[in-house]
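Peer 1: Here you go, sequence then predicted model.
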Amino acid sequence: MVLLCIAGSLGAVRWLGALGELGSQAGWTGSGRTAGHEAGVLRLWGADPVTLDPALVTDAHSAEYVIEIFSGLVALDEGLNVVPDIAERWEVSADGCTYTFKLRTGVCFHDGREVTARDFKYSLERACDPV
């Protein structure tokens, strides 16, 4: 069993998504603009996703969207190395069973509410029992 501790104020987070090559393949520039399109629009090829709920995604097509929309504690860089995302740093206990994450301050949801450790806890628990 692995115990996950998240250090930060209690209250909102998005999800554990990891950005890889997909963003650049889809034309996402990271600046809120897609190549040749207006700010705030993400355009991917193909059919609409089955779901945009990270806890319910079971197909690769929906996962392509979810990965681009949601952030997580950590992400993967182009070399598939784990790098900070919403967690600015983390520590692993000597026995490897406890991970303690320190959240970056000032990370907010689209409505301006700050992301908190409680949000990550909720998301992890919901992913374990999404229905």
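Peer 2: Structure's in. What do you need?
Peer 1: quick one: low-confidence parts of this protein?
Peer 2: Counting by pLDDT under 70, the ranges of the chain that qualify are 1-39, 42, 44.
Peer 1: quick check: longest helix of it.
Peer 2: In the chain, with assignment by DSSP state H, the single longest helix is helix 117-128.
Peer 1: Okay, buried residues for it please.
Peer 2: Buried residues in helix 117-128, counted by 16 or more other Cβ atoms under 10 Å: 117, 119-120, 123-124. C-beta here means a position set from N, CA and C on the backbone, and glycine is covered the same way.
Peer 1: what's the answer for stretch 52-70, then?
Peer 2: The neighbour-count check on stretch 52-70 (16+ other Cβ under 10 Å) flags 54-55, 57, 62-67, 70 as buried.
Peer 1: could those be laid out in a markdown table, adding distance to Leu80 and secondary structure?
Peer 2: Converted to a markdown table, the buried residues of stretch 52-70 look like this (distance: Cβ to Cβ, whole Å; DSSP: H, G, I helix; E, B strand; the rest coil):
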| residue | distance to Leu80 | secondary structure |
| --- | --- | --- |
| Pro54 | 20 | coil |
| Ala55 | 24 | coil |
| Val57 | 20 | coil |
| Ser62 | 21 | helix |
| Ala63 | 16 | helix |
| Glu64 | 17 | helix |
| Tyr65 | 20 | helix |
| Val66 | 18 | helix |
| Ile67 | 13 | helix |
| Phe70 | 19 | coil |
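Peer 1: Just give me the closest of these to Arg43.
Peer 2: Tyr65 (10.7 Å; Cβ to Cβ).
Peer 1: Distance check, that closest one against Leu52.
Peer 2: 6 Å (Cβ to Cβ, to the nearest Å).
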